[in-house]
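J.: Test case, fold it:
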Amino acid sequence: MRRPSLRVWCAGGALLLGGSAAADDPSGGPSGGGDGGAWSIVAERAGGTPLVARPLPAGGSFALAYEHSAYRSPAVEVFAAAEHGFTMYALASPNEAVLDYYEVEGTRTRLATSGWWVLRLARPHTYEALPLIATPLGRRTLVAGPDCVPLYPRSGAYDLRIRVTRARPAGRTAPCPPAVREIARTVPTP
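T.: Presented below is the predicted three-dimensional model:
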């Protein structure tokens, strides 16, 4: 399967996940099985060593939730898994300046329940893999369904690569902040 080249224009902080697993297409259908495990969102360290992996929940959507380094405000980048990688289709934050920071066009709405701003991208971006730097400052975290899976070290930093592939579940979990769970539920896949 050929995947598009990577363009990094939006460096997130933590990954929020919800999606679906399929035998041949991670965007829908029955859970994949076999020796490689189910379709999953995977965070790998340099050299391809898996740090965490979580099966994609039904629907195919997931996101990067993090602490924005310039505004010190929570942010979420919402993605959808597809046969050719994953597509970022929305940004969210309680601080509207975070959305301005990325300088992307789209439609803005404000969620009444949480007060978070959501920007649906006019031109969603598709990735085969997304390189990130994990630090305690940004608190990058993979969220699969109701669980958050921290990606950052207690000190220092390391390079990560986020991708959708077949994998077995791995990594520790932690409770997710309620607002992050709400963004995952209320910003549906396009």
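J.: low-scoring stretches of the chain, by residue?
T.: Where the chain drops to pLDDT under 70, the residues are 1-36, 83, 144, 184-190.
J.: beta partners for the most centrally placed residue in the chain?
T.: For the chain, the residue nearest the mean C-alpha position is A63 (2.8 Å; C-alpha atoms, centre = their mean). Beta-bridge pairing of A63 under DSSP bridges involves L16, V78.
J.: cool, T126 as well?
T.: T87.
J.: now V164
T.: I41.
J.: Show me what the host helix or strand of A75 is packed against.
T.: Assigned by DSSP states H and E, A75 belongs to strand 73-82. Here strand 73-82 touches strand 61-68, strand 85-93, helix 96-101, helix 178-186, going by 3 or more C-beta pairs under 8 Å, 6 or more residues apart in numbering; DSSP states H and E. All C-beta atoms are positioned from the backbone trio N, CA, C, and that covers glycine.
J.: Buried deepest among these, which one?
T.: Highest mean neighbour count of the helices and strands packed on strand 73-82: strand 61-68, a mean of 26 (counted as mean count of other C-beta atoms under 10 Å).
J.: Give me the distance between that strand and the centre of its chain.
T.: Here strand 61-68 is found 5 Å from its chain centre; the criterion is C-alpha atoms, centre = their mean, to the nearest Å.
J.: Check which helices and strands it is in contact with.
T.: Using 3+ C-beta pairs under 8 Å, 6+ apart, strand 61-68 sits against strand 16-17, strand 73-82, strand 85-93, strand 141-144, helix 178-186.
J.: Make CSV from the ones you listed and add distance to S40 to it.
T.: CSV is the format used below for the helices and strands packed on strand 61-68 (distance: least, C-beta to C-beta, whole Å):
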stretch, distance to S40
strand 16-17, 9
strand 73-82, 9
strand 85-93, 12
strand 141-144, 8
helix 178-186, 16
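J.: Which among the ones you listed is found nearest to A43?
T.: A43 lies closest, by C-beta to C-beta, to one member of those: strand 141-144, at 5.9 Å.
J.: Can I get that closest one in CSV, CA atoms only?
T.: Output of strand 141-144 as CSV, limited to C-alpha atoms (Å, rounded to 0.1, in the frame of the first residue of the first chain):
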residue,chain,number,x,y,z
THR,A,141,-0.6,11.5,25.3
LEU,A,142,-2.2,8.8,23.2
VAL,A,143,-5.9,8.4,24.1
ALA,A,144,-7.7,5.2,23.0
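J.: Within the sheet, what are the partner strands of the helix or strand just after that strand, with directions?
T.: Counting by DSSP H and E, the element after strand 141-144 in chain order, helix or strand, is strand 147-150. Paired neighbours of strand 147-150 in the sheet (DSSP bridges): strand 141-144 (antiparallel), strand 174-175 (antiparallel).
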